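Trainee: sequence first, then the predicted structure:
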Amino acid sequence: GDGGDEGPAAPAAPGRAQIFDTVMDTFLEELVAAGSYQKFASSYRSLYKQQPGVTRGVYDQFISALQTYIKKDIQELKSEGNLEMLFNSLDKIVEEAKGREEPAWRPSGIPEEDTRSVLVPYLLKHRGHLRKVLKEKEEENKKAAESVLAGRARIVELQQLIQARKEAWQ
């Protein structure tokens, strides 16, 4: 066929949150295996020789408490770090990127070059805005200067009129 209708769809790959949980569970299992009862009993040989049943009970309680505390700490880390949401967000980003033809953008290692493509359009737009504002201010200043010159001319005119009337009065 054309490759699109061949059998049932493949099951969805586990998400990062699920993978994280599996890794943590495996870590816990291996941690417990590393702290085997035999190692525990050999570390507390005198207790083991006197009361092997008590030694086994202490070991079981210790392992149970250890697992409980580690699981609780992992859950707190997941909650505080908002890991579930972050993992899901990362899964979504990866899924969206699968259809892309070109590779995703990666930093070059030279911050000036990496920011240039983002900053230049913004700075050009900002420069255009500043030029517009400058032109408006220059127009306002030109009108103000014309008004000042007109005011000075009127003052000179009035001073001449006063002088002429003063001379006429005398």
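Mentor: Received it, and whenever you're ready, just let me know what you need.
Trainee: okay, residue 160: pLDDT?
Mentor: At residue 160, the model reports a pLDDT of 94.
Trainee: that should have said residue 55, apologies.
Mentor: Looking at residue 55, its pLDDT is 89.
Trainee: name the secondary structure element that contains it.
Mentor: Element membership of residue 55, judged by DSSP states H and E, is helix 52-80.
Trainee: nearest the geometric middle of this structure, what residue?
Mentor: The C-alpha lying nearest the average C-alpha coordinate of the chain belongs to residue 86 (CA atoms, centre = their mean; 10.5 Å).
Trainee: got a list of what that residue touches?
Mentor: Not one residue lies near residue 86 by CB atoms under 8 Å, 6 or more residues apart in numbering. C-beta coordinates here come from the backbone N, C-alpha and C atoms, glycine included.
Trainee: now find how far off-centre the helix or strand it falls within is within its chain.
Mentor: Taking DSSP H and E as the definition, residue 86 sits inside helix 83-97. Averaged C-alpha coordinates place helix 83-97 at 13 Å from its chain's average position (CA atoms, centre = their mean, to the nearest Å).
Trainee: again with stretch 124-144
Mentor: Mean C-alpha position of stretch 124-144 versus that of the full chain (CA atoms, centre = their mean) differs by 37 Å.
Trainee: give me the pLDDT for the nearest residue to residue 91 once chain neighbours are set aside.
Mentor: Spatially, and ignoring its direct neighbours in sequence, residue 91 is nearest to residue 15 (4.9 Å; CB to CB, 6 or more residues apart in numbering). pLDDT for residue 15: 87.
Trainee: and what of residue 111?
Mentor: At residue 111, pLDDT is 86.
Trainee: where exactly do the helices run in this structure?
Mentor: Secondary structure of the chain, counting by DSSP state H: helices at 16-34, 37-43, 45-50, 52-80, 83-97, 111-169.
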